[in-house]
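[1] Just the structure for this:
(2 chains)
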2 protein chains.
Amino acid sequence: MTQMTNRQYFLASRPAQMPTADNVQCRDVPLAPPGPGEVTLRNLYISLDPAIRGWMGDAPNYIEPIALGDAVRSSVIGRVVSSNSPDFAVGDVAMSVGAWEQYTTAPAAGLNKLDEAAGIPLSLFLGALGPTGLTAYFGLLEVGRPRAGETVLVSAAAGAVGSVVGQIARMQGCRVVGMAGTDDKCAWLVDALGFDAAINYRTCGDYTAAIGKACPAGVDVYFDNVGGEILDAALLCLNPHARVAVCGWISTYNVANPPGPVNLWQLVAKSVTLQGFTVLDYLDRFGEGIGQLARWLQEGKLQYREEIVDGLDNILPTFLRLFDGSNAGKLVIRIPEQG
Amino acid sequence: MTQMTNRQYFLASRPAQMPTADNVQCRDVPLAPPGPGEVTLRNLYISLDPAIRGWMGDAPNYIEPIALGDAVRSSVIGRVVSSNSPDFAVGDVAMSVGAWEQYTTAPAAGLNKLDEAAGIPLSLFLGALGPTGLTAYFGLLEVGRPRAGETVLVSAAAGAVGSVVGQIARMQGCRVVGMAGTDDKCAWLVDALGFDAAINYRTCGDYTAAIGKACPAGVDVYFDNVGGEILDAALLCLNPHARVAVCGWISTYNVANPPGPVNLWQLVAKSVTLQGFTVLDYLDRFGEGIGQLARWLQEGKLQYREEIVDGLDNILPTFLRLFDGSNAGKLVIRIPEQG
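    Sure, this is the predicted structure:
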């Protein structure tokens, strides 16, 4: 058997602003066999998430930055092609923390085996039934803590997380307003997902006025995916004792030295709570979350959009689409299996 | 009886930065008799608090801004000189929302009668046994939620609120570090109040390094009275799941368009909660708070410093001392009773 190679996209240098092909470069490295207790996956799906941009920097973060020279970290789903663990057989399908690469080798203890026979599209385990859905579920319910009748505002509402947040908020009996960057996305939010209103932030003019108009009773929960000027506007529209769930600030990730929000004084003026979180805070409750999300999907209560792009070599330009808003829903790279 | 007059300091214009004698002017107005259900107090003590600066602006706040032309709002303690209510007799002492004025006339329903015979210095009801102490009590225990063994950082720690916060945190079994602006204040925190360490922020150099050194196990609760650069430094020193209790941002009150904190991304990096509050959030629990604070004072567990300045005509320059840090502890104007 000839030596197999593993194509990887690795972090050659840290991006100052938008990542480039200088920052993320391609290489083919020999594929070593798995060590004791390890398993090698041939990756089928690679998750593309805004958070990955944060790991490319060197600032303190909730997990370690990606080391220079390492393949770019990502969640992956792959099929076992070589196992050095009694828990996994060749042909099994599993999810893992992996990278932008053809093959991921990881300790068996860190893999989650997926039941291909259940008929659930595998990519869902990276999205609605994976980190994305769980981020929406715990972020909204545990951090946002919406009550029936309250108004929930969601930014990046047509994105993988935001679209799930809005639908769960509707199920809680809330008025739900989403912000997105095209009229098509806004129409999808209202017509398909049942949002009460949507704001096209590229065309609405003054954010504060637009939010105020769409939320006549004020905002009780703001689920913040974007930060920046929209956060500043939302702060001015909050009701007393509002909660801001800070999931991510995609508007700032490719900006050097982004300014802080200038309206943060509203925290005291309105006794507001601004709480950052990551899905890892709820690791011990993933089972509960996935179970509930799966029931909602089965019952047709949760609509879900994903955009699957074929080919590992498309991964960097596809990743960058997260930042220009041209994707809708969950963005995934697929590496098709061949005969 | 000749017509009595009421000397008032009123808001003639809104200050852009530090309030001046143009913004806050003096006038003598005729003293009208109390209307039905009202009581007139001859003020004995007027509370000076950083929050008053916020009410002088026109931005949305937790209570209405002071209207232009109105006397500057403040908590006061006075003796009843005229009563149109069966609940108050001439000679009673009461606390009220009043103003920078000799006489305050207010509805009896809004007054709290104080028991002069109990022997507690009346000024304490504006401080340790009043809004100041309650702000410290509820802000630390309900917003900061410290647990034994955790590290609590307090800014403006020698101030009326901060000094009480630190002592309550010590009673919870926390390591307590205070920040203050003179070596004398720092020595008082450590030697008299039992803080574990104190940082002179005027001489310590890099804030982040100084906080890191004084809090080797990181910061679990930051009780923020100042905002600005110290908040930004504290954000970099927080432990995962830390709580920031935002009580006030005195460093920004006299600055036009203060910038926002640039390290706020630490909220997501560390799953931090930043919560604004005012003492009014706990109105229904004031009795509990005052009872506990009084017990601690009686038992000698709570040390308390106040600075009492005589004379209503000194009120504006005395108020401004809150912002240059030259006061220590609770600042109060006294209008002595004469013969």
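[2] ok, and for whichever helix or strand A:Pro317 is part of, which residues are buried?
    Secondary-structure element containing A:Pro317, defined by DSSP states H and E: helix A:315-324. Taking 16 or more other Cβ atoms under 10 Å in any protein chain shown as the neighbour-count basis, helix A:315-324 is seen to contain the buried residues A:Ile315, A:Leu316, A:Thr318, A:Phe319, A:Leu320, A:Leu322, A:Phe323. For glycine as for every other residue, the C-beta is placed from the backbone atoms N, C-alpha and C.
[3] show me which of those residues neighbour chain B.
    Restricting the buried residues of helix A:315-324 to those touching chain B (Cβ under 8 Å from any Cβ of the partner chain) yields no residues.
[4] Model confidence at A:Thr2, what's the number?
    Among the per-residue scores, A:Thr2 holds a pLDDT of 66.
[5] which outside residues touch the helix holding A:Pro317?
    Surrounding helix A:315-324, the residues in contact under the criterion Cβ atoms under 8 Å, 6 or more residues apart in numbering or on different chains are A:9, A:18-19, A:21, A:24, A:46, A:48-50, A:52-53, A:100, A:250, A:253-254, A:309, A:327, A:331, A:333.
[6] can you tell me which of those are in strands?
    A:Tyr9, A:Val24, A:Ile46, A:Leu48, A:Val309, A:Leu331, A:Ile333 (DSSP state E).
[7] Nearest to A:Thr105 among the residues you listed?
    When the ones in strands among the contacts of helix A:315-324 are compared for distance to A:Thr105 (Cβ to Cβ), A:Ile46 comes out closest, at 15.0 Å.
[8] Nearest spatial neighbour of that closest one, chain-adjacent residues omitted?
    With Cβ to Cβ, 6 or more residues apart in numbering or on different chains as the criterion, A:Ile46 has its nearest non-adjacent residue at 4.3 Å, and that residue is A:Ile333.
[9] Need the three-state assignment for A:Thr105.
    Look at A:Thr105: counting by DSSP: H, G, I helix; E, B strand; the rest coil, its state is strand.
[10] quick one on the thing from earlier: I'd like the buried residues of helix A:315-324 as TSV, with pLDDT appended.
    Listed next are these as TSV, based on pLDDT from 0 to 100:
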residue	pLDDT
A:Ile315	98
A:Leu316	98
A:Thr318	97
A:Phe319	97
A:Leu320	96
A:Leu322	94
A:Phe323	93
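[11] gap between A:Ala16 and chain B?
    When distance is defined by Cβ to the nearest Cβ, to the nearest Å, A:Ala16 is 16 Å away from chain B.
[12] does that residue really touch A:Ala256, like I thought?
    Yes. Distance between A:Ala16 and A:Ala256: 5.8 Å, which falls inside the contact criterion (Cβ atoms under 8 Å).
[13] Comparing those two, which shows the higher neighbour count?
    Taking A:Ala16 and A:Ala256 together and counting by other Cβ atoms under 10 Å in any protein chain shown, A:Ala16 has the greater number of neighbours (12 against 7).
[14] Quick one: residues contacting the closest residue to chain B within the stretch 1-150 of chain A.
    Checking the stretch 1-150 of chain A residue by residue against chain B with Cβ to the nearest Cβ singles out A:Asn61 as nearest, at 4.7 Å. Residues in contact with A:Asn61 (Cβ under 8 Å, 6+ apart) are A:Gly54, A:Trp55, B:Ala269.
[15] just A:Ala89 next, same as before
    By Cβ under 8 Å, 6+ apart, A:Ala89 lies in contact with A:Val80, A:Ser83.
[16] Quick check: which element contains it?
    Secondary structure from DSSP H and E places A:Ala89 outside every helix and strand.
[17] for A:Ile63, same thing?
    Element membership of A:Ile63 [criterion: DSSP H and E] is none; it lies in no helix or strand.
[18] circling back: roughly how far does the residue of the stretch 1-150 of chain A closest to chain B sit from A:Ala51?
    Between A:Asn61 and A:Ala51 the distance is 9 Å, computed by Cβ to Cβ, to the nearest Å.
[19] Over to A:Ile335?
    The span separating A:Ile335 from A:Ala51 equals 21 Å under the rule Cβ to Cβ.
[20] And for A:Met4?
    30 Å.
[21] likewise A:Pro60?
    Relative to A:Ala51, and taking Cβ to Cβ, A:Pro60 is found at 14 Å.
[22] A:Leu331 too?
    According to Cβ to Cβ, A:Leu331 stands 12 Å off from A:Ala51.
[23] just A:Val29 next, same as before
    Note on A:Val29: its distance to A:Ala51, by Cβ to Cβ, is 25 Å.
[24] Comparing these two, which residue is more hemmed in?
    A:Ala51 (23 against 13).
[25] give the contact list for that one.
    For A:Ala51, the set of contacting residues under the criterion of Cβ under 8 Å, 6+ apart consists of A:Gly248, A:Thr278.
[26] What pLDDT is listed against it?
    On pLDDT, A:Ala51 comes in at 94.
[27] Run through the residues of chain A sitting next to chain B.
    When proximity is defined by Cβ under 8 Å from any Cβ, chain A lies next to chain B at A:59-62, A:236, A:240-241, A:246-249, A:252, A:257-278, A:281.
[28] and with 6 Å instead?
    Taking Cβ under 6 Å from any Cβ of the partner chain as the contact definition, chain A meets chain B at A:60-62, A:246, A:260-262, A:264, A:267-269, A:271-277, A:281.
[29] List only buried entries from the residues you listed.
    Applying a neighbour-count criterion of 16+ other Cβ under 10 Å, the buried members of the residues of chain A next to chain B are A:61-62, A:246, A:260-261, A:264, A:267-269, A:271-277, A:281.
[30] residue ranges with poor pLDDT in chain A?
    By pLDDT under 70, the low-scoring segments of chain A are A:1-2, A:339.
[31] where do the helices sit along it?
    Along chain A, counting by DSSP state H, helices occupy A:51-55, A:131-138, A:160-171, A:183-187, A:207-214, A:228-235, A:266-269, A:286-298, A:315-324.
[32] mind listing what the nearest residue to A:Ala180 once chain neighbours are set aside touches?
    Distances taken as Cβ to Cβ, 6+ apart put A:Ala158 closest to A:Ala180, at 4.2 Å, once the chain neighbours are dropped. Taking Cβ atoms under 6 Å, 6 or more residues apart in numbering or on different chains, we find A:Ala158 in contact with A:Ala180, A:Lys185, A:Ala328.
[33] Most neighbours among the residues you listed, which one is it?
    Note: the member of the contacts of A:Ala158 with the most neighbours is A:Ala180, at 27 neighbours, neighbours being other Cβ under 10 Å.
[34] Look up the residues forming beta bridges with it.
    Judged by DSSP bridges, the bridge partners of A:Ala180 are A:Asn200.
[35] and A:Asn6, what is it in contact with?
    A:Val29, A:Leu31, A:Glu101, A:Gln102, A:Tyr103.
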